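**Student:** Sharing a model that was predicted from the sequence below.
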Amino acid sequence: MAVGQLRAVDVMAATLARVREVNGALNALVSLASEADLMAAAHAVYAGDVLGPLHGVPVVIKDLADAAGFATSQGSPIFAGQVAAGDDAHVARLRAAGAIVIGKSNVPEFGIGSQTYNPVFGATGNPYDVTRSAGGSSGGAAAALASGMVQIADGSDMMGSLRNPAGWCNVYGMRPTWGVVPAGPSDEVFLHHLSTNGPMARCPEDLAVLLEVMAGPEGGQPFGRALEASDCPAVPRIGWLGDWGGAYAMAPGILELCEAALAPLGAVEALGPPMDASGLWESWCVLRSWAIAMGLAQIMADERRDHLKPEAVWEAERGLAFSGVDIHAASVQRSAWFACAMQLFERFDVLALPSAQVWPFDKRETWPRAIGERRMDTYHRWMEVVIPASLIGLPAISLPAGFGAEGLPMGVQLIGRPGADRMLLELAARHHAATPWPEMRPPVL
């Protein structure tokens, strides 16, 4: 956070003024607390000792996570209006560090799909063109950051849910090493190794502060791990994976922009596909559908199923039909990719890919049916570029890469070995010092 003489009440007043000014056009923030309560909370900052690095800082919580006193709808009419009695672990840590929760950020229904729309609150617009998508599932958070409503926000990432919207909104989003940030209390963490919570911000310094607050093992949750020290080399070796040898369909202009964005960081070497993309995709689709099915199993078994969007039903039906043999085969492929990736990290400090395969599309679309001449055979095939990190729990950060021909933003992913979170943050800081895109080109609303 920037150090200065601003009072918490001044920051909160400015925050609320900005929310009033732009949230109506963007629909990024939902379930907001009353202005009177938030100003009272800001005044109360001075009543006690300084709590921590976020003392008095307004923050929004993704509407998939519980924050006591706020509704957690998950974008679904099934849960709309249900107020959380307690905080998820990472939310409790934000409050303990002094943050003031002002509301929730909008999400796709159950976080499924990288397009933030749902039947409860509607669609979120992109600050760079309010008719376009802000991405997802952390689309509300990314739009709120880019438009200056908040300085920091939490997010979560299963299939690029931190990275895709960050890239589309010209901000930073980080998927930490799996286990660094604790999961929600309802997550089956022994089996569900695909999703993680993480930080979002407009600059790497704030991203690092937020991750430090969120990170660390949590009593009662398995597989927790602490942040490791950074071992960032002066000139990092960057393996540029591009479109994975043509396996990933890419809209025009994305590859060139993202590769050029890597130039200030280190020595970039273009790589061929390290292994067959189809095996990764099959493993991902099986494990993702299975994980979603386990979360939706009870809803699928009763009349609430009729309230689910088609993509959620499709995922759940597939996942419920898999056998133990199917899950095992997907895990074998996953393990093979992990072994391959670890060999790559003997040669490279980071791997790089675009954060998305298409530019922000019309927010009235549910998902892109094609990229160029290539038809998308599932609702999420256009997001395939994010799964190399997600499938094996690697840390990945989306950096602003610049803008395309239509004036829309794009991001580039840096992916590190397990535990390389602080190294990625250091690289992000170097990149920001050379090309501070959020400062150079903020949206005009």
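**Tutor:** Received the coordinates, thanks.
**Student:** any residues touching stretch 211-218, and which ones?
**Tutor:** Contacts to stretch 211-218, defined as C-beta atoms under 8 Å, 6 or more residues apart in numbering, come from residues 52-54, 89-90, 93-94, 97, 99, 154, 174, 176, 180-182, 197-199, 224-227, 421, 425. Just so you know, the C-beta spots here come from the backbone N, C-alpha and C atoms, and that holds for glycine as well.
**Student:** among those residues, which are in strands?
**Tutor:** Members of the contacts of stretch 211-218 lying in strands (criterion: DSSP state E): Asp154, Met174, Asn197, Gly198, Pro199.
**Student:** List phi and psi for the nearest residue to Leu51 once chain neighbours are set aside.
**Tutor:** Setting aside the residues directly before and after it, Leu51 is nearest to Gly98 in space (C-beta to C-beta, 6 or more residues apart in numbering), at 3.5 Å. With angles defined as degrees, to the nearest 10, Gly98 sits at phi 100, psi 0.
**Student:** Would you map the helices across the stretch 51-200 of the chain?
**Tutor:** Taking DSSP state H, counting those that start in this stretch, the helices of the stretch 51-200 of the chain run over residues 89-96, 139-146, 163-169.
**Student:** CA atoms only for the last one, dumped as CSV, please.
**Tutor:** In CSV, the C-alpha atoms belonging to helix 163-169 read as follows (Å, rounded to 0.1, in the frame of the first residue of the first chain):
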residue,chain,number,x,y,z
ARG,A,163,-5.7,-14.9,-14.5
ASN,A,164,-8.3,-14.5,-17.3
PRO,A,165,-10.2,-11.5,-15.7
ALA,A,166,-6.9,-9.8,-14.6
GLY,A,167,-5.6,-10.0,-18.1
TRP,A,168,-8.9,-8.6,-19.6
CYS,A,169,-9.1,-5.8,-17.1
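**Student:** other SSEs contacting it?
**Tutor:** With contacts defined as 3 or more C-beta pairs under 8 Å, 6 or more residues apart in numbering; DSSP states H and E, the secondary structure elements packing on helix 163-169 are helix 139-146, strand 172-175, strand 396-403, strand 409-415.
**Student:** Next, format the ones you listed as CSV and append mean pLDDT and distance to Ala84.
**Tutor:** Compiled in CSV, those are given as follows (pLDDT from 0 to 100; distance: least, C-beta to C-beta, whole Å):
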stretch, mean pLDDT, distance to Ala84
helix 139-146, 98, 17
strand 172-175, 98, 24
strand 396-403, 98, 28
strand 409-415, 98, 31
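**Student:** from these, which stretch is densest packed?
**Tutor:** The highest mean neighbour count among the helices and strands packed on helix 163-169, using mean count of other C-beta atoms under 10 Å, belongs to helix 139-146: a mean of 34.
**Student:** Report the angle between it and strand 396-403.
**Tutor:** 60 degrees (axes from the mean of the first three to the mean of the last three C-alpha atoms, to 10 degrees).
**Student:** Return the list of helices and strands in contact with helix 139-146.
**Tutor:** Contact analysis of helix 139-146 by 3+ C-beta pairs under 8 Å, 6+ apart lists helix 8-26, strand 29-30, strand 58-62, strand 100-105, strand 152-157, helix 163-169, strand 196-201 as its packing neighbours.
**Student:** Figure out which of the ones you listed is closest to Gly135.
**Tutor:** Ranking the helices and strands packed on helix 139-146 by proximity to Gly135 (C-beta to C-beta) places helix 163-169 first, at 3.2 Å.
**Student:** From start to finish, how long is stretch 375-382 in a straight line?
**Tutor:** With C-alpha to C-alpha, to the nearest Å as the measure, stretch 375-382 spans 9 Å from end to end.
**Student:** ok, residues contacting that stretch?
**Tutor:** In this structure, residues lying in contact with stretch 375-382 by C-beta under 8 Å, 6+ apart are 113-114, 159, 249, 285, 311, 314, 357-358, 366-371.
**Student:** Distance to Ile254 added to the helices and strands packed on helix 163-169, as CSV?
**Tutor:** Written out in CSV, the entries for the helices and strands packed on helix 163-169 read as follows (distance: least, C-beta to C-beta, whole Å):
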stretch, distance to Ile254
helix 139-146, 18
strand 172-175, 17
strand 396-403, 9
strand 409-415, 6
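**Student:** Compare the ones you listed and report which one is nearest to Gly103.
**Tutor:** Taking C-beta to C-beta as the criterion, helix 139-146 is the member of these that comes nearest to Gly103, at 9.3 Å.
**Student:** from the middle of its chain, how far away would the closest one be?
**Tutor:** Using C-alpha atoms, centre = their mean, to the nearest Å, we find the averaged C-alpha position of helix 139-146 to lie 10 Å away from the chain's own average C-alpha position.
**Student:** picking that back up, between the ones in strands among the contacts of stretch 211-218, which is closest to Ser289?
**Tutor:** Ranking the ones in strands among the contacts of stretch 211-218 by separation from Ser289, with C-beta to C-beta as the measure, puts Asn197 on top at 21.5 Å.
**Student:** Report the beta-bridge partner residues of the closest one.
**Tutor:** On DSSP bridges, the residues paired with Asn197 through beta bridges are Ser156.
**Student:** OK, contacts around it?
**Tutor:** 65, 88, 90, 154-157, 176, 181-184, 214.
**Student:** a markdown table for the residues you listed, including distance to Gly239 and neighbour count?
**Tutor:** Supplementary listing: the contacts of Asn197 in a markdown table, determined by distance: C-beta to C-beta, whole Å; neighbours: other C-beta atoms under 10 Å:
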| residue | distance to Gly239 | neighbour count |
| --- | --- | --- |
| Ala65 | 33 | 24 |
| Asp88 | 35 | 25 |
| His90 | 31 | 25 |
| Asp154 | 30 | 30 |
| Gly155 | 26 | 31 |
| Ser156 | 27 | 23 |
| Asp157 | 21 | 30 |
| Pro176 | 21 | 27 |
| Val181 | 26 | 28 |
| Pro182 | 30 | 25 |
| Ala183 | 30 | 25 |
| Gly184 | 33 | 19 |
| Met214 | 28 | 22 |
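**Student:** what's the closest of those residues to Phe121?
**Tutor:** The shortest approach to Phe121 among the contacts of Asn197 belongs to Ala65, at 15.8 Å (C-beta to C-beta).
**Student:** now the strands for the stretch 301-445 of the chain?
**Tutor:** 350-354, 370-371, 374-375, 396-403, 409-415 (DSSP state E, counting those that start in this stretch).
**Student:** among the helices and strands packed on helix 163-169, which is nearest Glu259?
**Tutor:** Nearest to Glu259, of all these, is strand 409-415, at 8.2 Å by C-beta to C-beta.
**Student:** what about dumping the CA coordinates of that closest one to PDB?
**Tutor:** In PDB, the C-alpha atoms belonging to strand 409-415 read as follows (Å, rounded to 0.1, in the frame of the first residue of the first chain):
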ATOM      1  CA  PRO A 409      -6.400  -5.300 -22.600                       C
ATOM      2  CA  MET A 410      -4.600  -8.700 -22.500                       C
ATOM      3  CA  GLY A 411      -2.400 -10.400 -19.900                       C
ATOM      4  CA  VAL A 412       0.500 -12.800 -20.000                       C
ATOM      5  CA  GLN A 413       1.000 -15.600 -17.400                       C
ATOM      6  CA  LEU A 414       4.200 -16.300 -15.700                       C
ATOM      7  CA  ILE A 415       4.200 -19.900 -14.200                       C
END
